[in-house]
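*Asks:* give me a model of this one.
(chains A, B, C and D)
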There are 2 protein chains.
Amino acid sequence: MKNPGDIPTQIKDRELVDQRRMQIVDAAVGLFVDKGFHRTTTREIAAAAGISIGLLYEYVTSKEDVLYLVCEAIHKEVEKGVSEALQSKTQGYQKLAEIIREYFLVCHRMSDHILLIYQETRTLSSPWRRRVLENELRITEIFVKALEELVKSNQISNLSPRMINLIAHNIAVLGHMWTFRRWSLSHQYSIEEYTKLQTEFILAKFKAG
Amino acid sequence: MKNPGDIPTQIKDRELVDQRRMQIVDAAVGLFVDKGFHRTTTREIAAAAGISIGLLYEYVTSKEDVLYLVCEAIHKEVEKGVSEALQSKTQGYQKLAEIIREYFLVCHRMSDHILLIYQETRTLSSPWRRRVLENELRITEIFVKALEELVKSNQISNLSPRMINLIAHNIAVLGHMWTFRRWSLSHQYSIEEYTKLQTEFILAKFKAG
DNA sequence: ATTATCTATAGATCTATAGATAATGC
DNA sequence: ATTATCTATAGATCTATAGATAATGC
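*Replies:* The predicted structure is shown next:
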C-alpha cells in the first residue's frame, strides 16, 4: 500500500514533509468544508497553514494534491473510529449493533468531512480518485467481516454472500445518509434515535431471513 | 409553487424564454456531467447551446442560474418516472415493489445526472439550494405515501410513523446508492439483481415487524 | 554549502457587460 | 420602433514558478 509519500517534493527532511503536510491538510479541510474546493484559493490555504504560497508548492505539486491529502486524512479518521468498535468483546447481534452505532457516531462527528468527499471525489484525477474509492471499499469490508461473523455464529438465518455484501454497502451508505440528508433528518431525529431505528431496520433482514 | 420563471430576463417573449432555456439546460447538462460545473465555462455552454455568450446572459443572470435550471430539470424527470409507477393497479407488497423498481430504474438511467446533483447542490446559493432539497423531499414523500397505503391495507405488521418516514428516506437513498457506488456495485450486480435484493432487504422490515 | 522559505509576478483564464447590429412586427 | 442577438473586451482572479533571501548544519 502506497502512501501520501507518492506526492513528489524537493524537501529532503522526511519528517518535516509530514509535519508541513499535516499543517496544510488541517488548514485546507476547514476551508474546503467552509467554501468548497473550487472557491478556496491556494493563497488562502497557504495563509491558513501559516506558510507562504511558494512554500506550499514545495510540499505539493498542485492544488489537487491538497484535495487528495485531505480526502486521505478524512478516511483514515473514519476507519480509526470504526476499527475501535471491532475490538469489542460482545457477540452476535449485539456486536453488529455496536459497530453500526460507532460508525454512525463517526459519521455524525465528521458530517462535513464526509460530505466533502461526496462532493469533491470527482474533482480528483483518476489515480487519486481510485485511491479514495479503495478507502471507501476498505471501510465497507469491515462491515462484510462483521456480518460474516454473525452468520457463522449460526444464531441467524442464512443469507447469501451477495446479500451480505450488499447489506455491508447499505450500512456504509446509511451512515453517510445522515450527513447528506442532515438538512431534513436532523429536524426529525436525534442521532441516537436515527441509529436505533436504522439498526432495527437493518437487523430485520437477519431476523426474517 | 414558483417556477424557473423566477430568474429574471429582459426577453419579453415568454415562450422564447422557455425554449431557449431548455436549449441551454440540454447543453449544460452534458457538459456538467462530463467535466463538472466548475470546469465548464459559460462560453462552452453558449457554444453547445448554439447561441452567443451575450445571448446566454439575456436568459440567465449568472452561471449559477444555469446550474439551478439543470438541477430543476433533472428532478422533474426523476419525479415523472416515479409518478408513473404510482398509477399501477396492483396492491400491497406488489405495488411497493413496483414503485421501488421503477424508481431504481430511473436512478439507473439518470445515474450521471443524480450524481451531478449530489456533487453540485452545495455550489448553489441558499435560495436555490433550498428548492433543490425541496424537490428531493417531494420524491421522498411519494414513498411515504406508498408505505402508508401498505400499512393501512392491514396486511402487515404495524410500524410507527417515524419508522415509515425513515424507510422512505432509505428507499430514496438506496436508489441513489446505485449511482454513487456504481464504480463498485456495477461490477458485482446487474441493476436487476440489485433491485431484487434491495427490495427483499427493504421488505424484510415489514414482514418481521 | 545546503536546505528551506519568501516575495513578486508571468501567464492564463473566465465571468459578465457595453455597445453595435440584425430581425421582427406594426 | 421594438425586441433579440452578436462581437469585443474590461476587469477580476488564480495557479504555479523564478529568483532572491534566510536558516541550518558541518
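*Asks:* run through chain A and note the low-pLDDT ranges.
*Replies:* In the prediction, chain A carries residues with pLDDT under 70 at positions A:1-5, A:154-155, A:209.
*Asks:* tell me the secondary structure at the residue nearest the centre of chain A.
*Replies:* Geometric centre of chain A, nearest residue: A:H75, 3.7 Å, by Cα atoms, centre = their mean. The local conformation at A:H75, judged by DSSP: H, G, I helix; E, B strand; the rest coil, is helix.
*Asks:* that one contacts A:E134, doesn't it?
*Replies:* No: applying Cβ atoms under 8 Å, one finds A:H75 not in contact with A:E134, separated by 9.3 Å. The C-beta positions use only the backbone N, C-alpha and C, and glycine is treated the same way.
*Asks:* tell me the contacts of the residue nearest to the centre of chain A?
*Replies:* When contacts are counted by Cβ atoms under 8 Å, 6 or more residues apart in numbering or on different chains, A:H75 is found next to A:117, A:132, A:135-136, A:139.
*Asks:* save those residues as TSV, and put in secondary structure too.
*Replies:* As requested, these are arranged in TSV below (three-state DSSP):
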residue	secondary structure
A:I117	helix
A:V132	helix
A:N135	helix
A:E136	helix
A:I139	helix
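*Asks:* so which of those residues are also by DNA strand C?
*Replies:* Of the residues in the contacts of A:H75, proximity to DNA strand C by Cβ under 7 Å from any atom of the strand holds for none.
*Asks:* tabulate those residues (a markdown table), appending neighbour count and distance to A:K205.
*Replies:* Rendered in a markdown table, the data for the contacts of A:H75 read as follows (neighbours: other Cβ atoms under 10 Å in any protein chain shown; distance: Cβ to Cβ, whole Å):
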| residue | neighbour count | distance to A:K205 |
| --- | --- | --- |
| A:I117 | 20 | 27 |
| A:V132 | 20 | 29 |
| A:N135 | 18 | 26 |
| A:E136 | 22 | 22 |
| A:I139 | 20 | 20 |
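*Asks:* may I see those residues organised as TSV, with distance to B:L166 added?
*Replies:* As requested, the contacts of A:H75 are arranged in TSV below (distance: Cβ to Cβ, whole Å):
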residue	distance to B:L166
A:I117	24
A:V132	29
A:N135	28
A:E136	23
A:I139	22
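*Asks:* go back to these and keep what's next to chain B.
*Replies:* The subset of the contacts of A:H75 within reach of chain B, by Cβ under 8 Å from any Cβ of the partner chain, is A:E136.
*Asks:* of the contacts of A:H75, closest to chain B?
*Replies:* Closest to chain B out of these is A:E136 (7.9 Å), distances taken as Cβ to the nearest Cβ.
*Asks:* so that closest one sits right up against A:A172, yeah?
*Replies:* Yes: the pair formed by A:E136 and A:A172 meets the contact definition of Cβ under 8 Å, at 7.4 Å.
*Asks:* any idea how far the closest residue to DNA strand C within chain A lies from DNA strand D?
*Replies:* Among residues of chain A, the one nearest DNA strand C by Cβ to the nearest atom of the strand turns out to be A:G54. It sits 2.5 Å away. Between A:G54 and DNA strand D the distance, using Cβ to the nearest atom of the strand, to the nearest Å, works out to 4 Å.
*Asks:* that residue - how many residues pack around it?
*Replies:* Residues near A:G54, counting by other Cβ atoms under 10 Å in any protein chain shown, number 8.
*Asks:* residue contacts, it?
*Replies:* A:G54 is in contact with no residue at all, counting by Cβ under 8 Å, 6+ apart.
*Asks:* is it within a helix or a strand, and which one?
*Replies:* helix A:53-59 (DSSP states H and E).
*Asks:* swap in A:H38?
*Replies:* According to DSSP H and E, A:H38 maps onto no helix or strand at all.
*Asks:* now the residue nearest to it when sequence neighbours are not counted: phi and psi?
*Replies:* Distances taken as Cβ to Cβ, 6 or more residues apart in numbering or on different chains place B:H38 nearest to A:H38, at 4.3 Å, with adjacent residues excluded. Taking degrees, to the nearest 10, you get phi -70, psi -30 for the backbone angles of B:H38.
*Asks:* and the strand or helix carrying A:Y93, what other elements does it pack with?
*Replies:* Assigned by DSSP H and E, A:Y93 belongs to helix A:92-109. In terms of contacts (3 or more Cβ pairs under 8 Å, 6 or more residues apart in numbering or on different chains; DSSP states H and E), helix A:92-109 is packed against helix A:63-86, helix A:126-152, helix A:161-180, helix A:191-208.
*Asks:* and it, what's buried?
*Replies:* Judged by neighbour count using 16 or more other Cβ atoms under 10 Å in any protein chain shown, the buried positions of helix A:92-109 are A:93, A:95-108.
*Asks:* keeping just the C-alphas, turn that helix into CSV.
*Replies:* Listed next in CSV are the C-alpha coordinates belonging to helix A:92-109 (Å, rounded to 0.1, in the frame of the first residue of the first chain):
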residue,chain,number,x,y,z
GLY,A,92,-23.8,-11.7,17.8
TYR,A,93,-26.4,-9.0,17.1
GLN,A,94,-25.1,-7.0,20.0
LYS,A,95,-21.7,-6.7,18.4
LEU,A,96,-23.1,-5.7,15.0
ALA,A,97,-25.3,-3.1,16.7
GLU,A,98,-22.2,-1.7,18.4
ILE,A,99,-20.2,-1.5,15.2
ILE,A,100,-23.1,0.3,13.5
ARG,A,101,-23.5,2.6,16.4
GLU,A,102,-19.8,3.5,16.5
TYR,A,103,-19.8,4.0,12.7
PHE,A,104,-22.9,6.2,12.7
LEU,A,105,-21.4,8.3,15.5
VAL,A,106,-18.2,8.8,13.5
CYS,A,107,-20.4,9.9,10.5
HIS,A,108,-22.2,12.3,12.8
ARG,A,109,-18.9,13.8,14.1
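*Asks:* and stretch A:12-26, what's buried?
*Replies:* Judged by neighbour count using 16+ other Cβ under 10 Å, the buried positions of stretch A:12-26 are A:17, A:20-21, A:23-25.
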